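Engineer: Pasting the sequence and the predicted coordinates here, then a few questions.
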Amino acid sequence: MTKPRILVVEDDFDISNMLRIYFGAQGLDVSVAPRGGDALDMTRKGLPNLILLDIMLPDMDGFEVCRQLRTTTRTSHVPIIFLTQKDERADKLQGLQHGADDYITKPFDIEELKLRVQNSISRQERENSLDPRTGLPSGRLIEDQLRRIIREQNWAFMDINLRFFDRFRDVYGFIAGDDMLRFASNLVGEVIDEVGTNNDFVGHPGGDNFVVITTVERAPKLRDRLKARFAEESLTHYSFIDRERGYMVAKDNRTGDEKEFKVPLMRLAIGMVTPETRQFADIREITELAAEARRQDAANDTVDL
């Protein structure tokens, strides 16, 4: 299973380095941001499972960092624990009002902090149903977003599938498969940063499927950009031989003779629905029509081997 990811936002090197070493030894993947702006950039590029956030930062205070994270759809679900030297009730209340999940005062007991971190990550995974490989929302969080948009206008729901992913995993193994899913997750986030908005939502329902909720105006460009970048940048996950010949060679173990056959390199199939052409009475209608549009997109994408 992928290591839980923690982002430490702390400008004191001694403290941030101590936390990086300590939690790294606990089996967590720890990144450090010395400034609030760095934290916002790093969170957009790769969602952490939890953020340890100092209030006193050189460029902006932790309250503003927390506010921006909470008002951005993609980062609104990430748990935040404030770290601060202040011990005033007003500061604690202000942190909680901005959406912090917990609060601990320096100097802190490292064992207590460890338990708070573990509890926050466990509660997040249990309540919010995050995919453990990509850290993206799945399950209930996706359903919550669908229930929100069904009452609104000017949205586009995109169903994204990594075609031939199962064969890729068969050839290269499950670790390479997990790496590909994380690559796709990061790529979607980068493309949204390029052509989307802060309110766009990215989810990972499971397996080789992702979903994006964006605006009607931005959806076509986002779709085209995703397909183009994935087709080019996913090639680094293949061997030199497969890249050169443009396909993988797989074996069908189910036949018994393990006969080899050609498998295309992965590409994206994307289905999209909007409320411009029809009204939706149930969130299942949105996902069903998007899945049908995605299958049609795959059928229209002929593969020459």
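Structural biologist: Yep, it's here. Residues are numbered from 1 along each chain as shown.
Engineer: For the rest of this, base every contact and every neighbour count on C-alpha atoms.
Structural biologist: OK.
Engineer: Provide the contact partners of the longest helix anywhere in the chain at residue level.
Structural biologist: Using DSSP state H to define each element, the chain has its longest helix at helix 174-195. Residues external to helix 174-195 that are found in contact with it (Cα atoms under 8 Å, 6 or more residues apart in numbering): 44-46, 133-134, 136, 165, 168-169, 200, 202, 208, 210, 218, 221-222, 225-226, 229-230, 234, 237.
Engineer: Repeat that for stretch 122-139.
Structural biologist: 1-2, 4, 47-49, 77, 79, 140-141, 178, 181-182, 185, 202-206.
Engineer: Just the ones of the residues you listed in helices?
Structural biologist: In helices, judged by DSSP H, the following of the contacts of stretch 122-139 are found: 140, 141, 178, 181, 182, 185.
Engineer: Select only the buried ones of these in ChimeraX?
Structural biologist: Applied in ChimeraX, the following selects the buried portion of the ones in helices among the contacts of stretch 122-139 according to 16 or more other Cα atoms under 10 Å:
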select :141,178,181,182,185
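Engineer: Looking at the ones in helices among the contacts of stretch 122-139, which one is closest to residue 69?
Structural biologist: residue 141 (16.3 Å; Cα to Cα).
Engineer: so what pLDDT did the closest one get?
Structural biologist: Reported pLDDT at residue 141 in the predicted model: 87.
Engineer: any idea how far it lies from residue 16?
Structural biologist: To residue 16, residue 141 is 31 Å away according to Cα to Cα, to the nearest Å.
Engineer: now swap in residue 152 and tell me
Structural biologist: 43 Å.
Engineer: Same question for residue 155.
Structural biologist: 40 Å.
Engineer: contacting residues around the residue lying closest to residue 262 once chain neighbours are set aside?
Structural biologist: Distances taken as Cα to Cα, 6 or more residues apart in numbering place residue 249 nearest to residue 262, at 4.8 Å, with adjacent residues excluded. Residue 249 makes contact with 171, 260, 261, 262, 263, according to Cα under 8 Å, 6+ apart.
Engineer: any chance of these in JSON lines, with neighbour count, secondary structure and distance to residue 37 too?
Structural biologist: Formatted as JSON lines, those follow (neighbours: other Cα atoms under 10 Å; DSSP: H, G, I helix; E, B strand; the rest coil; distance: Cα to Cα, whole Å):
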{"residue": "171", "neighbour count": "16", "secondary structure": "helix", "distance to residue 37": "41"}
{"residue": "260", "neighbour count": "12", "secondary structure": "strand", "distance to residue 37": "51"}
{"residue": "261", "neighbour count": "11", "secondary structure": "strand", "distance to residue 37": "50"}
{"residue": "262", "neighbour count": "12", "secondary structure": "strand", "distance to residue 37": "47"}
{"residue": "263", "neighbour count": "18", "secondary structure": "strand", "distance to residue 37": "43"}
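Engineer: Switch those residues over to a markdown table; also include distance to residue 69 and pLDDT.
Structural biologist: Below are those laid out as a markdown table (distance: Cα to Cα, whole Å; pLDDT from 0 to 100):
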| residue | distance to residue 69 | pLDDT |
| --- | --- | --- |
| 171 | 39 | 92 |
| 260 | 49 | 79 |
| 261 | 47 | 83 |
| 262 | 45 | 90 |
| 263 | 41 | 92 |
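Engineer: with the residues you listed in mind, which one is nearest to residue 117?
Structural biologist: For those, the nearest to residue 117 is residue 171 (37.1 Å; Cα to Cα).
Engineer: So that closest one sits against residue 250, correct?
Structural biologist: Yes. With contacts counted by Cα atoms under 8 Å, residue 171 reaches residue 250, the gap being 6.1 Å.
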